[in-house]
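In: Here is a sequence together with a model predicted from it:
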Protein chains: 2
Amino acid sequence: MTPEREKRLNDVLDKRQPNLTVVLENVSDPHNISAVMRTCDAVGVQDIYILNTNIGIHKKWGAKSSSSAAKWLTIHQFTDAKACFEELRKNFKKIYTTHLSTDAVSLHELDLTESVALVFGNEHAGVSEEIIGMADGNFIIPQVGIIKSLNISVACAVSLYEAYRQKNNAGQYDKPQLTGDPLLALKEVWGMNDGNRETAIGDEEC
Amino acid sequence: MTPEREKRLNDVLDKRQPNLTVVLENVSDPHNISAVMRTCDAVGVQDIYILNTNIGIHKKWGAKSSSSAAKWLTIHQFTDAKACFEELRKNFKKIYTTHLSTDAVSLHELDLTESVALVFGNEHAGVSEEIIGMADGNFIIPQVGIIKSLNISVACAVSLYEAYRQKNNAGQYDKPQLTGDPLLALKEVWGMNDGNRETAIGDEEC
């Protein structure tokens, strides 16, 4: 790896936001998933949760993924909603679904500077009742038009860029948020710290 | 038209924002144009400018458009950049392009509560030099990832929803922005004011 390439990757790592994630529940169109991944990468979301209770693990997002953005994300795949939420609860304080309901708040009213997971549902069925029951709240992207339908990749991008705006205002892109062992582990995955591997393992053993 | 339907359409008209528009320069993928149109409708953008200096008028967006959102938008098609800008200058104070350049400002620094046209360019070539030379400034959607490419429909949605957020904060959705003859003309197109047609024409004759 050239020093320029290493600097470029380090610059990206310095902007990664470990307290923000996206959960895709039974999103079936691979193009939608690819588009969401590109936006995740663009705003610094490293971890993405793909929950498929209907169709099983997407082979496409395995180790040899063909999506260029997928290579740079940490993809967590689940086929069980409870197991997915157990993992989410370990890492995120709030879990919000995008679901039309009387208690839904506008996207712009959410505090997206805190530790948050945003759940987007299937293209047709939306977020499942099971997931809604386990989440902390619902939000909607305001719409004032005649056609009430935003593509999921558009809805996700609008949400993630509102998070970007809030986090940027709060200075969360000004200093690295991803540090310590998680940073070292990711550097290893990205092929950046072969020389540091022993140190990293030594740290874990302490 | 049922009273319920008329009320629904009037509610939409009350939220239309005549001081905001989108210009698509040589955007070639009809799916991208359709997605942009859906987002325009969703945030209350009524007018959209489609400038095709390369490929001519899109037949798809003519009178018998198959896009459900297109039916509810006012589509201005041009094949000449100067003619397009002359028309834009009559209706909008500022014209901004999305173009990577040293003088580009971040989307979130733009004042989108004022009268603004946002120009998005071809999927590969971007906005042309001719258009950049005639515009008032450039903006970029900030990106902190490895892959530097947002789909045009995603970029447009992120921009329009930032406009929505600013305009909503400024109260521009709280009272009708589209009024007078332009409102009556649009109601006629939407089949809402057959009974008012004579009044409307009378108004124009005064």
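Out: In hand now; what should we look at? On a predicted model such as this, the values are computed, not experimentally measured, just so you know. Numbering: from 1, shown residues only, chains lettered A, B, ... in the order given.

In: burial of the closest residue to residue A:136 other than its chain neighbours, as a residue count?
Out: The shortest distance from residue A:136 to any residue other than its chain neighbours is 4.9 Å, reached at residue A:94 (C-beta to C-beta, 6 or more residues apart in numbering or on different chains). In this view, the C-beta of every residue, glycine as well, is placed from N, C-alpha and C. Residues contacting residue A:94 under the criterion other C-beta atoms under 10 Å in any protein chain shown number 16.

In: Mind naming the longest helix for chain A?
Out: Secondary structure of chain A read by DSSP state H shows that its longest helix is helix A:152-169.

In: Can you list the buried residues in that one?
Out: Under the neighbour-count criterion of 16 or more other C-beta atoms under 10 Å in any protein chain shown, helix A:152-169 has A:152-168 buried.

In: before we move on, what about stretch A:68-87?
Out: Of the residues in stretch A:68-87, those with enough neighbours to count as buried (16+ other C-beta under 10 Å) are A:69-76, A:78, A:81, A:84-85.

In: Next step: those residues restricted to strands.
Out: Helix and strand membership here follows DSSP state E; of the buried residues of stretch A:68-87, those in strands are A:74-76, A:78.

In: got the residues you listed as JSON lines, with distance to residue A:32 and pLDDT columns?
Out: What follows is these, written out as JSON lines (distance: C-beta to C-beta, whole Å; pLDDT from 0 to 100):
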{"residue": "A:74", "distance to residue A:32": "19", "pLDDT": "97"}
{"residue": "A:75", "distance to residue A:32": "15", "pLDDT": "96"}
{"residue": "A:76", "distance to residue A:32": "18", "pLDDT": "97"}
{"residue": "A:78", "distance to residue A:32": "18", "pLDDT": "96"}
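
In: Now tabulate those residues in TSV and tack on distance to residue A:136.
Out: Rendered in TSV, the data for those read as follows (distance: C-beta to C-beta, whole Å):
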residue	distance to residue A:136
A:74	23
A:75	23
A:76	19
A:78	19
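
In: Chain A: strands as residue ranges?
Out: A:20-25, A:47-51, A:74-78, A:94-98, A:105-106, A:116-120, A:137-140.

In: got the angle for the longest helix of chain A vs strand A:94-98?
Out: Between the axis of helix A:152-169 and that of strand A:94-98 there is an angle of 140 degrees, by axes from the mean of the first three to the mean of the last three C-alpha atoms, to 10 degrees.

In: Around chain B, which positions in chain A sit nearby?
Out: Taking C-beta under 8 Å from any C-beta of the partner chain as the criterion, chain A approaches chain B at residues A:8-9, A:12, A:15, A:35, A:38-44, A:68-69, A:72, A:108, A:141-151, A:153-154, A:157-158, A:161-162, A:164-165, A:168, A:173.

In: Restricted to helices, list these.
Out: When helices are assigned by DSSP H, the members of those inside them are A:8-9, A:12, A:15, A:35, A:38-43, A:153-154, A:157-158, A:161-162, A:164-165, A:168.

In: Leaving out the residues flanking it, which one is nearest to residue A:158?
Out: residue B:161 (4.5 Å).

In: Then residue A:108?
Out: The spatial neighbour of residue A:108 that comes closest, neighbours along the chain excluded (C-beta to C-beta, 6+ apart), is residue B:165 at 5.3 Å.
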